[in-house]
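Trainee: coords below, sequence missing:
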């Protein structure tokens, strides 16, 4: 047995970009152990060779087992940040605290929420889903009937079309990573392929679109091209193993991988096959963008390639110069992430980040980059490239293309300033 | 836009094994839509072309957004089944209700628990991890120091060594899939590679093993070969995005991918580098197996290749003859699942199941198989093969090899009997 079988990579600490970014093989090939061997990461205290004092937890039996577990009360401060609309209870959104989370799965209790008239209380025994319109056989499904159909599971992100919209303002808003960009989450979704249900109803040749309507008090409804329904749409019944959470559509939602969140209609009560889009409120007066030429962008379905650094995050403070692991999330509504690059000098130079497995289509991908912070002022950025070669734009490029009035599909590079004192803040760089 | 771009596979309903098993391309290539087109799956009711009556949920605003969400009260019956030991509060296990869950991620609230003296209440501000023994520099880490190190995330299963042990009895116990096999769960784990910390402490040449000890009242401790520590061991801090749950080791546990659950020491307080295994209580009097020749198996680390059907499950009742999707889970502590086969005739013939992506090393893999149940008595089985070609054994083969007294590492094929009336029960077949 050898003590260090995979760690002999003397060049692992080589820099790959300006201001202290280090080669990703530190993580990819476990070269990170070199950091330890060199004492470069030493943040632990030297200890006596004896165990520390026996803690109280070892002196009395602990709590009993439970049927449905809770998190530690010491973690209670990790919460979604809710922002409502005055006079409209239940209308608004709450954001996933991305800066407090790790990995790629968002715990269902912290999945972002977006509601147009509150979270309905639905009894699954009473709930029905209707498929009607341009079909041979209108059909109505209860939950028992739906559950009889084949299921499929996939790990995929969901992002609200209006995520990050505050970054379009003149002054950079000061918030955490989640406060700015937390209308994105990622779950293991399970449901019935919509194609099966549509074929059972028999779509007529003139059917080209769907209208999907929710059973909430907003009657949230959106038009969906039939091609998406036949590609990878599901009627989702499960989220991260268990049944959907109420704020994510319990007992059944439409799930359209990669498409803007608003189209993934929650509390789904009917799908009507139509010849053309229905032009609902939420795809005309909202979820559309006025362009500089006075025309509006409608039906902008997939969410574009995007990434952001979640550690460090705005509103945090670095603990002094030294080695850090920069970490963040990348995703694309068009497929897999091919590469993520990180800059520590405001975009002058870039180094390639390590990607944690698995890298899945239309899922969050976790990236990591080693950084030796000198203690000087720095600007951290990440830039994602998806499998089609599409590169996440700078803020300046995006604003130039989209004009001053757009609210949806903001996917520009996020810049975090690290001041010499260690304070991390949002900047336009 | 065409309505059905991928679905023209006229042979998709071909049978591939006895008693009605159908080819997996029904799921792999979306051929399942054919089932709908043929009306073969029709469980919905024909409906009038108008929407059903407007439900109450559309007539009043719903509930407000929340900081940390809860599941629907209608799902409250989905619980872990706890089994304690008389006179020993907090000692025992609770099982994941596998038959109620989907996908591969186990929600943290339903991750199985195994405690030897209860769940300790640990204040993370007070908690320390010591690395000592045969090292150059004994070190002590608080949570802040640990969090400064590089992290890595992976989706991997955890299985208790004693999972499924009841199947070794003379009579087949009547339980659900989770009741029999629910000491296995799968999470997105994030932590610090143990190799980094060991190198920082500097393992001496004579150090070959570790002792890992928990801060619970049982002082749970196990010996771990140093090679595993340098391979893929982590000190896990996060589970499914958020910090570890208390019953899974908050604030830090050892995580040894693929190794028996008991070694993944929770509430980790120290790691002592040793020259030889310590021979602790939980690796000598327990978590070892007496063999027919009178010798005991010690240090049986990786959990063997295994699978089971979770739908249908024992204690359930089929809803009459027709098409069903059989679904279940497969895993191997040695790597990836290569293939899962399903039988509907008690093992006489086998058909290959479809595997949901992603198929990850040392993670649960979800398999699915279409079955046309004739209504006659049937015995359903699944059989997993891992990337090394290791095949899950039959119960008879396993018992012949391991003798009558073994309690750990039971990985035999599970047989569900489906009676003509539809009742599903556990049988030895």
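Mentor: That came through, no problem. Remember, predicted model here, so these are calculated numbers, not experimental data.
Trainee: From now on I want contacts and neighbour counts done on CA atoms only, so please keep to that.
Mentor: Noted.
Trainee: Name all residues that make contact with residue A:90.
Mentor: A:84, A:115-119, B:61-65 (C-alpha atoms under 8 Å, 6 or more residues apart in numbering or on different chains).
Trainee: Report the separation between it and residue A:162.
Mentor: 17 Å (C-alpha to C-alpha, to the nearest Å).
Trainee: Who does residue A:366 form a beta bridge with?
Mentor: residue A:329 (DSSP bridges).
Trainee: and stretch A:113-121, how far apart are its ends?
Mentor: 15 Å.
Trainee: same deal with stretch A:313-328?
Mentor: Termini of stretch A:313-328 sit 10 Å apart (C-alpha to C-alpha).
Trainee: for it, the distance to its chain's centre please.
Mentor: 21 Å (C-alpha atoms, centre = their mean, to the nearest Å).
Trainee: Okay, buried residues for that stretch please.
Mentor: Under the neighbour-count criterion of 16 or more other C-alpha atoms under 10 Å in any protein chain shown, stretch A:313-328 has A:313-314, A:316, A:318, A:322-328 buried.
Trainee: out of those, which one sits closest to residue A:292?
Mentor: residue A:314 (31.1 Å; C-alpha to C-alpha).
Trainee: rewinding a little: so which of the buried residues of stretch A:313-328 is the closest to chain B?
Mentor: Distance to chain B across the buried residues of stretch A:313-328 (C-alpha to the nearest C-alpha) is lowest for residue A:325, with 5.4 Å.
Trainee: The closest one - that's part of a strand, no?
Mentor: Yes. Membership of residue A:325 in a strand is supported by DSSP: H, G, I helix; E, B strand; the rest coil.
Trainee: Chain neighbours aside, what residue packs nearest to it?
Mentor: Distances taken as C-alpha to C-alpha, 6 or more residues apart in numbering or on different chains place residue A:370 nearest to residue A:325, at 4.6 Å, with adjacent residues excluded.
Trainee: Just to check, the one you found is in contact with residue A:21?
Mentor: Yes. With contact defined as C-alpha atoms under 8 Å, residue A:370 reaches residue A:21; the gap is 6.0 Å.
Trainee: Mind putting the buried residues of stretch A:313-328 into TSV with pLDDT?
Mentor: Compiled in TSV, the buried residues of stretch A:313-328 are given as follows (pLDDT from 0 to 100):
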residue	pLDDT
A:313	98
A:314	98
A:316	97
A:318	94
A:322	89
A:323	88
A:324	92
A:325	94
A:326	97
A:327	97
A:328	98
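Trainee: okay, the residues you listed in JSON lines with distance to residue B:175 next?
Mentor: Converted to JSON lines, these look like this (distance: C-alpha to C-alpha, whole Å):
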{"residue": "A:313", "distance to residue B:175": "48"}
{"residue": "A:314", "distance to residue B:175": "51"}
{"residue": "A:316", "distance to residue B:175": "50"}
{"residue": "A:318", "distance to residue B:175": "53"}
{"residue": "A:322", "distance to residue B:175": "55"}
{"residue": "A:323", "distance to residue B:175": "52"}
{"residue": "A:324", "distance to residue B:175": "50"}
{"residue": "A:325", "distance to residue B:175": "47"}
{"residue": "A:326", "distance to residue B:175": "47"}
{"residue": "A:327", "distance to residue B:175": "44"}
{"residue": "A:328", "distance to residue B:175": "43"}
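Trainee: before we move on, the earlier item: residue A:370 and residue A:21: who's more crowded?
Mentor: Comparing residue A:370 with residue A:21 by other C-alpha atoms under 10 Å in any protein chain shown, the one with more neighbours is residue A:21, at 29 against 26.
Trainee: May I have the residues that are in contact with the more buried one?
Mentor: Counted by C-alpha under 8 Å, 6+ apart, residue A:21 has contacts A:15, A:343-344, A:351, A:369-372.
Trainee: now do residue A:154
Mentor: Per C-alpha under 8 Å, 6+ apart, neighbours of residue A:154: A:188-190, B:103, B:356-358.
Trainee: how about those in TSV, adding secondary structure, neighbour count and pLDDT?
Mentor: Formatted as TSV, these follow (DSSP: H, G, I helix; E, B strand; the rest coil; neighbours: other C-alpha atoms under 10 Å in any protein chain shown; pLDDT from 0 to 100):
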residue	secondary structure	neighbour count	pLDDT
A:188	strand	23	98
A:189	strand	28	98
A:190	strand	27	98
B:103	coil	28	98
B:356	coil	18	96
B:357	coil	16	96
B:358	coil	18	97
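Trainee: got CSV for those, with distance to residue B:252 too?
Mentor: Output for the contacts of residue A:154, formatted as CSV (distance: C-alpha to C-alpha, whole Å):
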residue, distance to residue B:252
A:188, 25
A:189, 28
A:190, 30
B:103, 26
B:356, 31
B:357, 29
B:358, 27
